[in-house]
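Undergrad: I would like the atomic coordinates for the input below:
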Amino acid sequence: MDLREQACWLLLAFESGLNTRIVNSILLLWCKELGRTLDDFFAAEAGEWSATCQLSPEIIEKLEQARDRLVGQIFLAEQLQHEQIGMLTVLDSAYPALLKDALSRSHIPPVLFYAGDLDILKRQAIAIIGSRSAREDSLAFTRAVAQRLAVGGTNVISGYARGVDRAAFDGAIGSEDGHTTVVLPQGIRTLSGAQMHALQPQIAAGRVLLLSQFGPDAGWLMSRAMERNNVVTGLAQIVIVAESDSKGGTWEGATSALKHERRVYVRQPGGGKVPVGNQLLLEKGGLPLPWPVADLDDVLSPLLRASQNMRAQQEQKTEQPSQLSLLSLPEA
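TA: Now for the predicted structure:
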């Protein structure tokens, strides 16, 4: 994709002010059904937009305002290229099929920005989620599980926040050949210099993949952190909950995963007080993952087998071209 086309994706996804459902609907009608580029789209007249995509005057006005920012977005696309930040669109064959299966057209990110090796996403993937203010026993559980999964070649997915997210990252990278995907709650260019300095060697070594669904310079917001959690769980075959409250990002991510028929394993302390959210998730269909245990392999083996089975089923699905199309996405 050339710089101008990349700039047009930036215009539609981030500069137009349109919601995700409308953006994905435009992509479906203009790009998938007509086979035309977004460069063609932004070169078209408003009348063609209206006739082809059935867009309201309000939407057309927003698109025309976005079009005026094309030069600036070309410059941004050049900067991203220089900084080795890639852009993966929902129409690319490398876009994670699991994410399309997990989310509706109203929620699938039209663009994912990334730094690192996308082949990490081809690995068996397990997400570990939990509270930013988790207790030490939850953090110890997270580090141990993440390290054991990483030793077995699993891509450990987390959000890189404090608490459970950071413990999952540390556990995965603590393994000699561990791999992890970090799904950011902010723009990929907004990490601090110290954070990027710490991550860069692992990115260069092909062990860490950074992903962000937000504009490259978008700052941190609680709403973005909540939205990001659905991508964390959507990228994984299996979700592990270390510690959850009865509301908040972990709860929303876990209940969303259950809704989309992902297997959700929930830490169940032995002889200790079960966090309120963990207990409620178990009652909603989460599977217990006892902790502490004498042999972690005993409790992780069924989980890994379930993940492998789901991965094999997904690989069979992606052999069908329709599975890579927005046409297969539900409206809800």
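Undergrad: The residue nearest to Leu3 when sequence neighbours are not counted - how many residues pack around it?
TA: In space, Leu3 comes closest to Ala77 once its chain neighbours are excluded; the distance is 4.6 Å by C-beta to C-beta, 6 or more residues apart in numbering. C-betas here are computed from N, CA, C, even on glycine. Using other C-beta atoms under 10 Å as the criterion, Ala77 is surrounded by 23 other residues.
Undergrad: Hmm, Leu11 and Ala77 touching each other?
TA: No - counting by C-beta atoms under 8 Å, Ala77 sits too far from Leu11 to count as a contact (10.4 Å).
Undergrad: related to what we said a few turns ago, for the residue nearest to Leu3, which three-state class applies?
TA: Here Ala77 takes the helix state, with states given by DSSP: H, G, I helix; E, B strand; the rest coil.
Undergrad: in this protein, which spans are helices?
TA: Counting by DSSP state H, one finds helices in the chain at the ranges 3-10, 20-26, 38-43, 46-53, 57-67, 70-82, 97-102, 136-151, 164-174, 193-204, 222-234, 249-259, 276-283, 296-317.
Undergrad: quick one, which of those is nearest to Pro185?
TA: Each of those was scored for nearness to Pro185 using C-beta to C-beta, and the closest is helix 222-234 (3.9 Å).
Undergrad: what's that closest one packed up against?
TA: Using 3 or more C-beta pairs under 8 Å, 6 or more residues apart in numbering; DSSP states H and E as the contact criterion, the elements in contact with helix 222-234 are helix 97-102, strand 125-130, strand 179-183, helix 249-259.
Undergrad: now with 10 Å?
TA: Of the remaining helices and strands, those touching helix 222-234 by 3 or more C-beta pairs under 10 Å, 6 or more residues apart in numbering; DSSP states H and E are helix 97-102, strand 125-130, strand 155-158, strand 179-183, strand 208-212, strand 238-243, helix 249-259.
Undergrad: Pipe the ones you listed into JSON lines and attach mean pLDDT, distance to Glu48 and mean neighbour count per row.
TA: Formatted as JSON lines, the helices and strands packed on helix 222-234 follow (pLDDT from 0 to 100; distance: least, C-beta to C-beta, whole Å; neighbours: other C-beta atoms under 10 Å):
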{"stretch": "helix 97-102", "mean pLDDT": "90", "distance to Glu48": "28", "mean neighbour count": "20"}
{"stretch": "strand 125-130", "mean pLDDT": "97", "distance to Glu48": "41", "mean neighbour count": "29"}
{"stretch": "strand 155-158", "mean pLDDT": "96", "distance to Glu48": "41", "mean neighbour count": "28"}
{"stretch": "strand 179-183", "mean pLDDT": "97", "distance to Glu48": "36", "mean neighbour count": "27"}
{"stretch": "strand 208-212", "mean pLDDT": "98", "distance to Glu48": "32", "mean neighbour count": "25"}
{"stretch": "strand 238-243", "mean pLDDT": "97", "distance to Glu48": "43", "mean neighbour count": "28"}
{"stretch": "helix 249-259", "mean pLDDT": "92", "distance to Glu48": "37", "mean neighbour count": "22"}
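Undergrad: Understood, closing this out.
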